[in-house]
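[1] below are the sequence and a predicted model; questions follow.
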Amino acid sequence: MRTEPKPSRLDRIFARLDREPERPVLDVPRMTRHRVVLFGATLAFYITIVLAVVLTSWLVRFDWQAMLFRPYQQWPEIHAFLDYWVVLGQRGPTAVMVTAWLGWRSWRQHTLRPLLAFGAAVLLLNITVAVVKYGLGRSGPHYATDIGSNEMWHWFQAGSDIFPSGHTANAVVTWGILSYLAATPQARRWLSALSAVVSLSVGLTTVYLGTHWLSDVLLGWAAGLLILLALPWFEPMVARAEAEIFDLRDRWRSRRAAPATIPATPVEVPVALKPRTSAPEEPAAPEPVPTAPEPVSTVSTAPEPVCAAQEPVSMAPEAVSTPQEPVSTAHAPKAPLYLAPGPHTARSDRTPVTPVGSRRPPQADRVTRGTTTSAHPIAGG
């Protein structure tokens, strides 16, 4: 009997997650009149803080009083704890934690809106805060040299990028995005209170550690709140980006699921062919048959005049061409040799003819064979 394997605990978890609806209807915040009023008030507060610091007003004197009070020396027992607590405002660790949580939500709800909204908020925060930081160039308390001054316009000095506080603004946006993306009103209220406590405590911790002026923290709170209040204006862009990403995913899945199609071979149009007609065969030329030799008479007769060689007839068959494929012509046989008419004898049957006389040139000192010569006198005594 065949039994199915028992599902593991991880399989049961994924099966439970698959029961979630495909696309839940989420409450997307809209840019209401109440939100517009809050955005305007926060922007006015932001500009007021900047002008107060640039003009070296009472806020700058209050910054110096808080710095010279040196809170880290007044309450040293909480210094170690606050060194770890301030990490909740650092961009790297907080972005990883919040991205993991929002990624889990995106997977469960089958939507990319939480991740895209958080990415848009972080991008806006980095741009706006960096422009003001490097544009004003204010030095921090650890790098201040002139007591009572605003310590601004130090663009090329170390530690001149602390206004507004990046830790404070990042804490407002990172933890405030959780309340912004909450699914229910009750969860939104609880998360709003939690993010306010975390962002306020992180800002005050930077003042305690002596890394920021108090005005830096105030401007950081305002900068982060402006980003959260302006996010509904970017919701249409987030929706378009999500639709394009899902459309790209669907096309990629359909391309992978589609079977591999074999390209169709082109069908040739049939061509009407004419029947092949072979050329009429011509009889081969008869080979010359040697005739019996006749007796050679003693009387020399003049040979008969040789007739002119007949013109050779080409034996190559005519090439038959069809519209589909050419027919190659066959090699023409060699034309037979035509001899002069008359009887012909073989070379071995001919009578040898001996030439008369010697073919040697005459020599004066030689004696013809058969004649006697006179004895030559022997010289000497």
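    Cool, the structure landed.

[2] so where's this structure shaky on pLDDT?
    Of all residues in the chain, those with pLDDT under 70 make up the ranges 1-5, 10-26, 258-381.

[3] can you show me the helices along it?
    For the chain, helices defined by DSSP state H occupy the ranges 9-17, 33-54, 58-69, 71-74, 79-85, 91-109, 113-136, 166-180, 185-209, 214-230, 235-257.

[4] A158: which of these is closest?
    Distances from A158 to each of the helices of the chain were compared by C-beta to C-beta, and the smallest falls on helix 113-136, at 13.5 Å. Just so you know, the C-beta spots here come from the backbone N, C-alpha and C atoms, and that holds for glycine as well.

[5] then the closest one to CSV, C-alphas only?
    Below are the C-alpha coordinates for helix 113-136, written out as CSV (Å, rounded to 0.1, in the frame of the first residue of the first chain):
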residue,chain,number,x,y,z
ARG,A,113,3.6,48.5,-2.2
PRO,A,114,5.2,48.2,1.3
LEU,A,115,8.7,47.8,-0.1
LEU,A,116,8.3,50.4,-2.9
ALA,A,117,6.8,53.0,-0.4
PHE,A,118,9.7,52.5,2.0
GLY,A,119,12.2,52.8,-0.8
ALA,A,120,10.7,56.0,-2.0
ALA,A,121,10.7,57.4,1.5
VAL,A,122,14.3,56.6,2.2
LEU,A,123,15.3,58.1,-1.2
LEU,A,124,13.5,61.3,-0.5
LEU,A,125,15.0,61.5,3.0
ASN,A,126,18.6,61.0,1.7
ILE,A,127,18.2,63.7,-0.9
THR,A,128,16.6,66.4,1.2
VAL,A,129,18.8,65.9,4.3
ALA,A,130,22.0,65.6,2.3
VAL,A,131,21.3,68.9,0.4
VAL,A,132,20.8,70.9,3.6
LYS,A,133,23.7,69.2,5.4
TYR,A,134,26.3,69.9,2.8
GLY,A,135,24.8,73.3,1.9
LEU,A,136,24.9,74.8,5.3
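
[6] show me what that helix packs onto, helices and strands only.
    helix 33-54, helix 91-109, helix 166-180, helix 214-230, helix 235-257 (3 or more C-beta pairs under 8 Å, 6 or more residues apart in numbering; DSSP states H and E).

[7] these into JSON lines, with extra columns for distance to E77 and mean neighbour count?
    Below are those laid out as JSON lines (distance: least, C-beta to C-beta, whole Å; neighbours: other C-beta atoms under 10 Å):
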{"stretch": "helix 33-54", "distance to E77": "32", "mean neighbour count": "15"}
{"stretch": "helix 91-109", "distance to E77": "25", "mean neighbour count": "15"}
{"stretch": "helix 166-180", "distance to E77": "22", "mean neighbour count": "26"}
{"stretch": "helix 214-230", "distance to E77": "22", "mean neighbour count": "24"}
{"stretch": "helix 235-257", "distance to E77": "45", "mean neighbour count": "12"}
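
[8] hang on, isn't A66 packed against S215?
    No. Taking contacts as C-beta atoms under 8 Å, A66 lies outside contact range of S215: 9.6 Å.
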